[in-house]
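Peer 1: Whatever this is, show me its structure:
(4 chains)
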Protein chains: 2
Amino acid sequence: MNIGHAAERSGLPAKTIRYYEDIGLIVPERSDNGYRDYSNEDVHRLRFLQRSRSLGFSVGECRQLLSLYDDKARESSEVKALATAKLGEIDRKVAELLSLREMLGRFVDLCHGDDRPECPIIEGLSRDVPLQ
Amino acid sequence: MNIGHAAERSGLPAKTIRYYEDIGLIVPERSDNGYRDYSNEDVHRLRFLQRSRSLGFSVGECRQLLSLYDDKARESSEVKALATAKLGEIDRKVAELLSLREMLGRFVDLCHGDDRPECPIIEGLSRDVPLQ
DNA sequence: ATAGGGATTCCAGTTACTGGAAGGTCAAGG
DNA sequence: CCTTGACCTTCCAGTAACTGGAATCCCTAT
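Peer 2: Okay, the predicted model is just below:
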């Protein structure tokens, strides 16, 4: 299967698939004409990558996950530890965004948003300690 | 004021301040010895940058905000529009993270996490359609 | 005189791709 | 047989927003 087809079936752009090959995540066979030739198992692996990345795993973590995926004797606790750590990261990220949201939201609420130059948002951004 | 002091007072690393100068966000005076010399107003501007960045504005957006900050005749509606758009972005990002969190959390819950190789997380990541 | 702590510039690396140029391959149509 | 268009190849460069490091310079204190 050519890269275009593999791209379609995995949901990853062809460019990205080549990049993943550059960094050694997936190395397909080559056809006689030099084209990359992906097996169904390769596509599976690509989809695994696509899904892991979209779930917020870094490429490095995907590499770890792939080696666990390849290791038929892995212990599920290893995988669970990785995934649980990632959950914690997501939670921290959400909390951080929510606190930013709250501060910015307060600035926005205070701003009348008309044609006058006074603007609590600008003031909030430049004040030493925003909101007392 | 030397860059070290400006860094301390603005909460930005000196490296970052030099970078901001490279990209034209803030250009301080120079002392006779060639050292950068920051005024109190410069520090104010740096803090504005620090705060805006930490609130999730991109450097490009900070550039916009700075020009509004500099423009004494700006209309507050302009600033409000920018900030409101950013709020929407934050909300979208949070929603996305929460949905990732939910999916990954379900995989983690399903995994017994022991020394056996069966692992619903790996399976979830490699399945075509995770959790129907 | 020298030792330290800061300052300077410049170059390279990071993450995870993405865009583009120059060229090779293949199947279909005239 | 030739061309056209859609694919494929490699390689180089650029993105965002810094960060690290090397080589060198400046200032102050002992």
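Peer 1: Could you pick out the longest helix of chain A?
Peer 2: helix A:76-110 (DSSP state H).
Peer 1: Could you confirm whether that helix reaches chain B?
Peer 2: Yes. Helix A:76-110 lies within reach of chain B by Cβ under 8 Å from any Cβ of the partner chain, at A:76-77, A:79-81, A:83-84, A:86-87, A:90-91, A:93-94, A:97-98, A:100-101, A:103-105, A:107-108. Yep, even glycine has a C-beta here, placed from its N, CA and C like the rest.
Peer 1: Check which element follows that helix along the chain.
Peer 2: helix A:120-126 (DSSP states H and E).
Peer 1: what helices or strands is that following helix leaning on?
Peer 2: Counting contacts by 3 or more Cβ pairs under 8 Å, 6 or more residues apart in numbering or on different chains; DSSP states H and E, helix A:120-126 packs against helix A:76-110, helix B:40-54, helix B:59-70, helix B:76-110.
Peer 1: backbone phi and psi for residue A:119, please?
Peer 2: phi -150, psi 110 (degrees, to the nearest 10).
Peer 1: Grab the nearest non-local neighbour of it.
Peer 2: residue B:76 (3.7 Å; Cβ to Cβ, 6 or more residues apart in numbering or on different chains).
Peer 1: Kindly report the same for residue A:84.
Peer 2: Per Cβ to Cβ, 6+ apart, closest to residue A:84 is residue B:108, 5.8 Å.
Peer 1: distance of that neighbour from DNA strand C?
Peer 2: 20 Å (Cβ to the nearest atom of the strand, to the nearest Å).
Peer 1: same deal with residue A:121?
Peer 2: For residue A:121 relative to DNA strand C (Cβ to the nearest atom of the strand), the value is 29 Å.
Peer 1: Count the residues that sit near that residue.
Peer 2: 25 (other Cβ atoms under 10 Å in any protein chain shown).
Peer 1: same question, residue A:78
Peer 2: For residue A:78, using other Cβ under 10 Å, the count is 19.
Peer 1: so who does it touch?
Peer 2: residue A:68 (Cβ atoms under 8 Å, 6 or more residues apart in numbering or on different chains).
Peer 1: need the contact list for the spatially most central residue of chain A.
Peer 2: What sits nearest the mean C-alpha location of chain A, by Cα atoms, centre = their mean, is residue A:56, with 3.8 Å. The contact partners of residue A:56, taken as Cβ under 8 Å, 6+ apart, are A:86, A:89-90, B:97, B:100, B:104.
Peer 1: now swap in residue A:104 and tell me
Peer 2: Contacts of residue A:104 by Cβ under 8 Å, 6+ apart are B:55-56, B:83, B:86-87, B:90.
Peer 1: So which of these wins on neighbours?
Peer 2: Neighbour max across the contacts of residue A:104 (other Cβ under 10 Å) = residue B:83, 27 neighbours.
Peer 1: Check the gap between it and residue B:11 for me.
Peer 2: The gap separating residue B:83 from residue B:11 is 21 Å, by Cβ to Cβ, to the nearest Å.
Peer 1: Check residue A:119 too.
Peer 2: Taken as Cβ to Cβ, the span from residue A:119 to residue B:11 is 22 Å.
Peer 1: can you list the domains in chain A?
Peer 2: A:1-74, A:75-132 (automatic domain parsing).
Peer 1: Throw those domains into JSON lines and include mean pLDDT, thanks.
Peer 2: Converted to JSON lines, the domains of chain A look like this (pLDDT from 0 to 100):
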{"stretch": "domain A:1-74", "mean pLDDT": "93"}
{"stretch": "domain A:75-132", "mean pLDDT": "82"}
